[in-house]
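Asks: have a look at this prediction, sequence included:
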Amino acid sequence: MAGMMAPETLITGVELGGTKCIATLAQGKNILRQERWATEGPETLDRISATLAAWQDEVPFAAIGIGSFGPLCLDASSPRFGHMENTPKPGWAGADVYGHFARRFALPVGIDTDVGGAALAEGQWGAAMGCTVHGYATIGTGVGLGLVVDGKAVHGRLHPEAGHMRIRRTAGDMFEGACPAHGDCLEGLVGGPALAARANGALADVADDDLLWDRVARELGEWVAMLILCVSPQRLVIGGGVLDYRPTLLAKIRVAVAANLGGYLAGLDLTALEMLIVPPALGRDAGPLGAIIVGQNALRGSQA
């Protein structure tokens with residue numbers, strides 16, 4: 001039947017992250033194969049597509065989904081569809097990510113942001129199941145946000161770039177910020193390079209009760225409160241490398257969100273926020289499985 005996929009359909013997903021890339025072969029949410037690369041220049045795409053070609057020879061898959069760092073052009077009517085926009089990642093500005101795979105494989109290819117894909121995966125298989133409006137935020141090398149409404153990732157002129165919003169600075173914090181474009185936007189304060197610069201010594205050695213984490217929690221807490229006021233999500237999943245290695249931060253973020261909301265939203269007390277602001281149920285597979293969902297959607301679109 002048009003638009004339906006057999007349960008055994010194999011899909012390949014490619015997650016392009018700021019520091020690493022992951023190719024995944026999956027059957028639904030069951031991961032069958034995976035390979036990783038460090039994210040270097042766009043030549044990394046050649047290494048990935050070579051692996052996909054080898055997989056295709058052994059176990060043919062039906063579509064490719066790409067979940068990529070950005071910003072990306074996701075306007076299907078634009079000649080730049082699937083190209084990287086003005087990313088600070090060296091060598092990647094203007095890279096034709098979608099075209100690289102579409103030219104090499106006679107298969108449906110889909111593309112979205114890595115966080116957009118992760119949001120879709122958490123909605124279908126993870127912590128946001130059953131939610132009409134939900135989001136996935138990643139706090140890692142950068143700060144990203146994917147939003148899903150009625151099962152579709154939100155795209156407008158571009159896609160959400162909420163990690164570059166500005167929030168109020170903590171009194172006495174003179175750190176200039178690490179974002180090449182905006183200095184002390186949120187990503188410039190809490191992204192991986194920013195945290196490394198703000199820490200006194202190795203980040204892994206900074207104690208959980210260090211003042212740095214209080215500041216980071218307040219900054220993220222204000223950001224999340226603004227997202228709640230603006231988007232009204234039923235669930236906000238927060239993942240990424242920083243939370244992986246500092247899970248105690250999530251509880252501090254909830255407390256800061258409650259303080260920022262100031263009791264304005266009825267029923268949204270700290271207990272309710274524990275249900276609204278959650279870690280990814282899919283763990284570190286949220287991104288790779290997000291790319292699988294993007295591939296599934298591309299296949300459905302080709303069959304419609």
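Replies: Structure received. Numbering: from 1, shown residues only.
Asks: not counting sequence-adjacent ones, nearest residue to Tyr245?
Replies: Nearest residue to Tyr245, sequence neighbours excluded (Cβ to Cβ, 6 or more residues apart in numbering): Ala204, at 7.1 Å. Every residue, glycine included, has its C-beta placed from N, CA and C.
Asks: in this structure that neighbour contacts Val242, no?
Replies: No - using Cβ atoms under 8 Å, Ala204 makes no contact with Val242, being 11.5 Å away.
Asks: can you pull out the strands in the stretch 101-250 of the chain?
Replies: Using DSSP state E, counting those that start in this stretch, the strands found in the stretch 101-250 of the chain span residues 109-113, 133-139, 143-149, 152-153, 235-239.
Asks: export these to TSV and tack on mean pLDDT, distance to Thr51 and mean neighbour count?
Replies: TSV is the format used below for the strands of the stretch 101-250 of the chain (pLDDT from 0 to 100; distance: least, Cβ to Cβ, whole Å; neighbours: other Cβ atoms under 10 Å):
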stretch	mean pLDDT	distance to Thr51	mean neighbour count
strand 109-113	98	16	28
strand 133-139	97	24	28
strand 143-149	97	25	25
strand 152-153	96	26	19
strand 235-239	97	25	25
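Asks: and this protein, what are its domains?
Replies: If you go by automatic domain parsing, the domain ranges for the chain are 10-117+284-303, 129-279.
Asks: that older thread, nearest to Pro280, of the strands of the stretch 101-250 of the chain?
Replies: Each of these has some distance to Pro280 by Cβ to Cβ; the shortest is strand 235-239, at 4.2 Å.
Asks: find the residue ranges of the chain scoring beneath the pLDDT cut-off.
Replies: By pLDDT under 70, the weakly predicted segments of the chain are 1-7.
Asks: what distance do you get for the residue nearest the centre of the chain to Asp150?
Replies: Closest residue to the average C-alpha location of the chain: Val115 at 2.1 Å, with Cα atoms, centre = their mean. Applying Cβ to Cβ, to the nearest Å, the value for Val115 to Asp150 is 18 Å.
Asks: try Gly263
Replies: Gly263 sits 30 Å away from Asp150, going by Cβ to Cβ.
Asks: do the same with Ser78
Replies: Applying Cβ to Cβ, the value for Ser78 to Asp150 is 24 Å.
Asks: okay, the two: which has more neighbours?
Replies: Between Ser78 and Asp150, counted using other Cβ atoms under 10 Å, Ser78 has the larger neighbour count: 10 against 7.
Asks: thinking again about what came up before, make CSV from the strands of the stretch 101-250 of the chain and add distance to Ala181 to it.
Replies: Compiled in CSV, the strands of the stretch 101-250 of the chain are given as follows (distance: least, Cβ to Cβ, whole Å):
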stretch, distance to Ala181
strand 109-113, 17
strand 133-139, 18
strand 143-149, 13
strand 152-153, 23
strand 235-239, 23
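Asks: closest one to Glu161 among those strands?
Replies: strand 143-149 (7.9 Å).
Asks: that older thread, just give me the neighbour total for the residue nearest to Tyr245.
Replies: So Ala204, with other Cβ under 10 Å, has 8 neighbours.
Asks: and for Tyr264?
Replies: Counted with other Cβ under 10 Å, Tyr264 comes out at 9.
Asks: Arg246 versus that one, what's the distance?
Replies: 29 Å.
Asks: ditto for Met226
Replies: From Met226 across to Arg246, the span is 22 Å (Cβ to Cβ).
Asks: at which residues are the helices of the stretch 151-300 of the chain located?
Replies: 186-190, 192-198, 211-231, 241-245, 249-261, 270-276, 286-303 (DSSP state H, counting those that start in this stretch).
Asks: could you dump the ones you listed to TSV with mean neighbour count and distance to Cys131?
Replies: Listed next are these as TSV, based on neighbours: other Cβ atoms under 10 Å; distance: least, Cβ to Cβ, whole Å:
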stretch	mean neighbour count	distance to Cys131
helix 186-190	26	24
helix 192-198	17	28
helix 211-231	19	12
helix 241-245	17	20
helix 249-261	19	18
helix 270-276	14	10
helix 286-303	25	15
